[in-house]
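Colleague: whatever this is, show me its structure:
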Amino acid sequence: SLAIALSPTFEVLILLRTGQAVIGAAVIPTGMAMLRETQPVTRLGRSGGFIGSAISISAAVGPLLGAGLLELGSWRYIFLMNVPLVIAGLVCFALLRYPERGDRKPFAVDWAGAVMFAALLVTVTLLLNSLKGSHSDLFLIGVIIALPVVAFVFIQRQLSTETPIAEWQLFRNRSYSAATAYVLLSNLVMYTVILAIPFFVEEVQGKGHAVTGSLLGAVSVLAAVLAPIAGRASDSMGRRQPAFAGSLCMLAGVAALLIGIQADSPYWFLATTLAVLGLGLGLSIGPSNAAAIESSPRELAGAAAGTNSMMRYLGSIIGVGRRGAVLNTESGGAPEIGVFRLIFAVLVVMAALASVSTLFIHKFTQESGHLDITKPIATAAAATEAPNA
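Modeller: Down below sits the predicted model:
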């Protein structure tokens, strides 16, 4: 953060921001894996709920602080603000008492597969951005041809290597697949909405950043309040019911936006629909995360959390790309209301699929048809021995 605040050029800033992304990608899955190893299954829901609440609060406060710092002056203040936050995190880390295990597995990464996966994500992003007409037809055709080719090469690599970038065999578990699919689809919906609504408010309705910030707060604040409660409830009633209830709220909120969005939509309508989305997020984030982690063996907790986090990022990438593909900021004028209806129509379908996926999440890990958490899944490299109790 200090280096970014002192960045002499935009290229240096991008390079350093990429480094921050690498660190962030490692921290969150590792934290979730640590929960899996240290918390009993009966407390994973509330633990995941508290983490979801913290993330929601940060999502609500961060943009408001950033906007305030920009009003004060340079963008560099935003990164200088990170310094005391990182120091506080380091203090927490110093106080952390985590029981280290004696046995360690050799670590290996398929760098070629990682590069291919990055190429696949870049190709998807380029395709989505090309749909808005900012590139030539030849470029669009090239990207369309490249996408299945890159996807095929990536899949072939993952099937043949002994160290795939993700523990794909986790998806043989119905509950893990369902919870991870919900994470992907719900993030796709939420990221698209929280990017489309500010664009709508500022470009179509001509309102300022204060209105946008308060509307987004309706999502984050409600999610932050409900996430620990829903997570604790899922510890006693099971993961499926609160996740399904949250998915229905998300579906209702997006459907309301599709039906009721108008150029002169009042503030109360937008705030109410976004609050319903926040309600859905708060009800489902803890149970769905807990379901994904607890349905995997303890010794694969890191791989399970990392793969789950990867799907979350994938959903956000697709959501951002869809928004950029439909809402052309280079046209010189505000988009028509029909463009936003098109966005929300697609999101209704995605939210409906997310609701269906929650029906395949287990209630409790003791149910038949789910992996025994005391037995590991055989990796692509080799089957591992069952851990000692």
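
Colleague: helices of the stretch 1-150 of the chain, start to end?
Modeller: 2-5, 10-38, 44-72, 76-95, 111-130, 137-160 (DSSP state H, counting those that start in this stretch).

Colleague: who are the packing partners of the last one?
Modeller: Where contact means 3 or more C-beta pairs under 8 Å, 6 or more residues apart in numbering; DSSP states H and E, helix 137-160 is packed against helix 111-130. Backbone N, C-alpha and C define where each C-beta goes, glycine included.

Colleague: so what secondary structure elements neighbour the helix it packs on?
Modeller: Using 3+ C-beta pairs under 8 Å, 6+ apart as the contact test, the elements touching helix 111-130 are helix 137-160, helix 301-326.

Colleague: just the buried residues of stretch 227-247, please?
Modeller: Neighbour counts over stretch 227-247 (16 or more other C-beta atoms under 10 Å) mark 227-235, 238-247 as buried.

Colleague: out of the residues you listed, which are inside helices?
Modeller: Taking DSSP state H as the definition of helices, the buried residues of stretch 227-247 contribute 227-235, 240-247.

Colleague: if we can go back for a sec, quick check: which of the helices and strands packed on helix 111-130 is nearest to Ala25?
Modeller: Of all the helices and strands packed on helix 111-130, helix 301-326 sits nearest to Ala25, with 7.1 Å by C-beta to C-beta.

Colleague: now the angle from that closest one to helix 111-130?
Modeller: Angle, helix 301-326 to helix 111-130, by axes from the mean of the first three to the mean of the last three C-alpha atoms, to 10 degrees: 20 degrees.

Colleague: how about the very next helix or strand once past helix 301-326 as CSV, C-alpha atoms only?
Modeller: Once the chain leaves helix 301-326, the next helix or strand it forms, by DSSP states H and E, is helix 337-358. Taking C-alpha atoms only, helix 337-358 is exported to CSV below (Å, rounded to 0.1, in the frame of the first residue of the first chain):
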residue,chain,number,x,y,z
ILE,A,337,-34.3,1.9,-19.7
GLY,A,338,-34.7,-1.2,-21.9
VAL,A,339,-31.0,-1.9,-21.5
PHE,A,340,-31.4,-2.2,-17.7
ARG,A,341,-34.5,-4.4,-18.1
LEU,A,342,-32.4,-6.7,-20.3
ILE,A,343,-29.7,-6.9,-17.6
PHE,A,344,-32.2,-7.7,-14.9
ALA,A,345,-34.0,-10.2,-17.1
VAL,A,346,-30.8,-12.2,-17.4
LEU,A,347,-30.2,-11.8,-13.6
VAL,A,348,-33.6,-13.2,-12.9
VAL,A,349,-32.6,-16.4,-14.7
MET,A,350,-29.3,-16.6,-12.9
ALA,A,351,-31.0,-16.0,-9.5
ALA,A,352,-33.5,-18.8,-10.3
LEU,A,353,-30.7,-21.2,-11.1
ALA,A,354,-29.0,-20.1,-7.8
SER,A,355,-32.3,-21.0,-5.9
VAL,A,356,-32.4,-24.4,-7.6
SER,A,357,-28.8,-25.1,-6.6
THR,A,358,-29.5,-24.5,-2.9
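
Colleague: list the contacts of helix 337-358.
Modeller: Applying C-beta atoms under 8 Å, 6 or more residues apart in numbering, the contact partners of helix 337-358 are 178-179, 181-182, 185-186, 188-189, 192-193, 196, 200, 204, 240, 243-244, 246-248, 250-251, 254-255, 257-258, 261-263, 284, 288, 322-323, 326-327.

Colleague: what's the average pLDDT for it?
Modeller: Averaging pLDDT along helix 337-358 yields 90.

Colleague: again, but for stretch 198-207
Modeller: pLDDT averaged over stretch 198-207 gives 83.
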